[in-house]
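>>> Give me coordinates for this.
(chains A and B)
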Amino acid sequence: MTGTATLERIESGLPSSRVKIDDLAGRLGLRATEIGVFRKIYGLDELRYEPGGGLLDLVLPPARRALEALPEGRRVDYVVFAHTMQMLTPPGLDAAPLIRDALGLHGAEAFAVNQQACVSSMGAIDITAELMRADRGRRAPGGYGLMVTGERAYSPRIQLIPHSAIMAEAAAACLFTLDGPGDPVLSYVDRVHGEFADGLLMTDDRIKRFGAVYAPELADVIREAVAEAGLEPAEVDLVIPHNVNTISWRHVIKELEIPPEQVFLDNVPRLSHCYSSDVFVNYTTLRDAGRLKAGRPYVLASVGLGATFGAMVIRRSGTEAA
Amino acid sequence: MPETPTTAFDEVTAWILAKNPERESVGADEDLVENRLVDSLSFVEFIFTIEQAADTEIPMDTLDLDDLRTLNSIRKAFFDGRTPVTG
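Model prediction:
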């Protein structure tokens, strides 16, 4: 047994309420020109946003569907809630154990990961897989982890990343284990740049510096993850990205010297950037459209304010012949 | 140091050079987006600069992104459109 993390089932969920970005101009204090730039230059159009919706209403449905893949008689040892914003519940309420209990997984350990912002979902799987490897000899083998994402754009302050993104609502869940039959994680790389720790409160000069390093650094992290997986960028079937905007990804594509069609950007105008959920939501879009090919490698890639650059290489389970 | 603008259109070139102090000039047909002379964080400011220099409001609903790609296309779309940029 190699102790390789394997993604056994990924599910996602979206609020039914579709909103055009123009309709958020008042709430976000954006002028017509700024909305125009978000639409024409950044490639945004529509997103899911349900004012007043509850956190658990968003998070639980995909988590329940992912748990349907848990084999009979097997147990979930960890429930990890990965999120971007630090505060998603009123003080005194800890969302992770609430989610665990609502899913009936009372025997699991529950905790949250949000230090990597929008990279936290991939980071949570990496961290939890390491915990599961360390558990060998302490727990009965064959346990599973459940990573869940999902957060509400409850305030304009956390819905707008100036000059970058308009945040939207979505949720995802990933059931994973070690050495299972699912998609193996071939590599995971993340890098934290503490100079951008102020996140949404960065000064203009710091934002400019962040903009300068964004594309080359993300490209470099992707290249490193691909190399760690023993692959060349050209061998990757698709990059499954976060939905921050199309112009940032165009710059990353240029840095990577790969064809634009090798990065899946179709969900940018449909869903916009959904905090930590994007890469897993996009995975389900591609899978449900039959675009993930058995045996082929894919790169999940995201950037979190703060700033963390992350990339995970997985191989779609099964064989190419299948 | 970027030169002091002498025409309305020069304000656009001056803005780009001010944002990219390592550059001394911008090619008339150089792709401003692909070459990251205008990055994603400053596009709104860039639009406002063009609007101010051209004394016009850019209609975002009908804007063709290609109109913003090069100095020549900007001149053609928002200024007189007759004199090619040679810088």
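>>> List the contacts of A:Pro15.
If a contact means CB atoms under 8 Å, 6 or more residues apart in numbering or on different chains, then A:Pro15 has A:Arg48, A:Tyr49, A:Glu50, A:Gly53, A:Leu58, A:Glu169, A:Ala170 as its contacts. C-beta here means a position set from N, CA and C on the backbone, and glycine is covered the same way.
>>> Turn the residues you listed into JSON lines, columns for distance to A:Ala25 and neighbour count.
Converted to JSON lines, the contacts of A:Pro15 look like this (distance: CB to CB, whole Å; neighbours: other CB atoms under 10 Å in any protein chain shown):
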{"residue": "A:Arg48", "distance to A:Ala25": "17", "neighbour count": "22"}
{"residue": "A:Tyr49", "distance to A:Ala25": "13", "neighbour count": "22"}
{"residue": "A:Glu50", "distance to A:Ala25": "18", "neighbour count": "17"}
{"residue": "A:Gly53", "distance to A:Ala25": "21", "neighbour count": "17"}
{"residue": "A:Leu58", "distance to A:Ala25": "24", "neighbour count": "23"}
{"residue": "A:Glu169", "distance to A:Ala25": "18", "neighbour count": "27"}
{"residue": "A:Ala170", "distance to A:Ala25": "21", "neighbour count": "28"}
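>>> Where strands are concerned, which of these count?
Counting by DSSP state E, the part of the contacts of A:Pro15 found in strands is A:Arg48.
>>> Now find how far off-centre the helix-or-strand element of chain B with minimal mean pLDDT is within its chain.
In chain B, no helix or strand scores lower on mean pLDDT, DSSP states H and E than helix B:43-54, which sits at a mean of 91. Remark: helix B:43-54 is offset 8 Å from the chain centroid, using CA atoms, centre = their mean, to the nearest Å.
>>> and the following helix or strand past that helix, what does it pack onto?
Using DSSP states H and E, the helix or strand that follows helix B:43-54 towards the C-terminus is helix B:71-78. Of the remaining helices and strands, those touching helix B:71-78 by 3 or more CB pairs under 8 Å, 6 or more residues apart in numbering or on different chains; DSSP states H and E are helix B:8-19, helix B:43-54.
>>> Looking at pLDDT only, which of the contacts of A:Pro15 scores worst?
Looking at pLDDT alone, the contacts of A:Pro15 dip lowest at A:Gly53, where the score is 92.
>>> Of all the helices and strands packed on helix B:71-78, which one comes closest to chain A?
Between chain A and the helices and strands packed on helix B:71-78, the shortest separation by CB to the nearest CB is 5.0 Å, and it involves helix B:43-54.
>>> Okay, the residue nearest to the spatial centre of chain B and B:Phe79: tell me how far apart.
Centroid-nearest residue in chain B: B:Val12, 4.4 Å away (criterion: CA atoms, centre = their mean). Taken as CB to CB, to the nearest Å, the spacing of B:Val12 relative to B:Phe79 amounts to 8 Å.
>>> Tell me if I am right that A:Gly230 is in a helix.
No - according to DSSP: H, G, I helix; E, B strand; the rest coil, A:Gly230 belongs to no helix; its state is coil.
>>> so who does it touch?
For A:Gly230, the set of contacting residues under the criterion of CB under 8 Å, 6+ apart consists of A:Leu186.
>>> Name the helix or strand for the residue nearest to A:Gly13 when sequence neighbours are not counted, please.
Counting by CB to CB, 6 or more residues apart in numbering or on different chains, A:Pro62 is the residue found nearest to A:Gly13 once chain neighbours are left out, at 4.1 Å. If you go by DSSP H and E, A:Pro62 is part of helix A:55-67.
>>> Residues touching the helix or strand following that helix, excluding its own?
Per DSSP H and E, the first helix or strand lying C-terminal to helix A:55-67 is strand A:76-82. Applying CB under 8 Å, 6+ apart, the external contacts of strand A:76-82 come out as A:59, A:67, A:70, A:95-96, A:99-100, A:103, A:105, A:107-114, A:120-121, A:123-125, A:127-128, A:131-132, A:135, A:139, A:143-149, A:175, A:276.
>>> In chain B, what residue lies closest to chain A?
Closest point on chain B to chain A, by CB to the nearest CB, is B:Met60, at 2.4 Å.
>>> so that residue sits right up against A:Glu34, yeah?
No - taking CB atoms under 8 Å as the contact criterion, B:Met60 and A:Glu34 are not neighbours in contact, 9.2 Å apart.
>>> just the strands in the stretch 1-150 of chain A please.
Read by DSSP state E, counting those that start in this stretch, the stretch 1-150 of chain A holds these strands, from start to end of the chain: A:5-13, A:18-20, A:46-48, A:76-82, A:109-113, A:144-150.
>>> helices and strands around the least confident helix or strand of chain B, which ones?
Short answer (3+ CB pairs under 8 Å, 6+ apart): helix B:43-54 packs on helix A:32-40, helix B:8-19, helix B:71-78.
>>> So which of the ones you listed is nearest A:Val268?
helix A:32-40 (10.8 Å; CB to CB).
>>> remind me which residues of the stretch 151-300 of chain A are low pLDDT?
For the stretch 151-300 of chain A, applying pLDDT under 70 flags no range at all.
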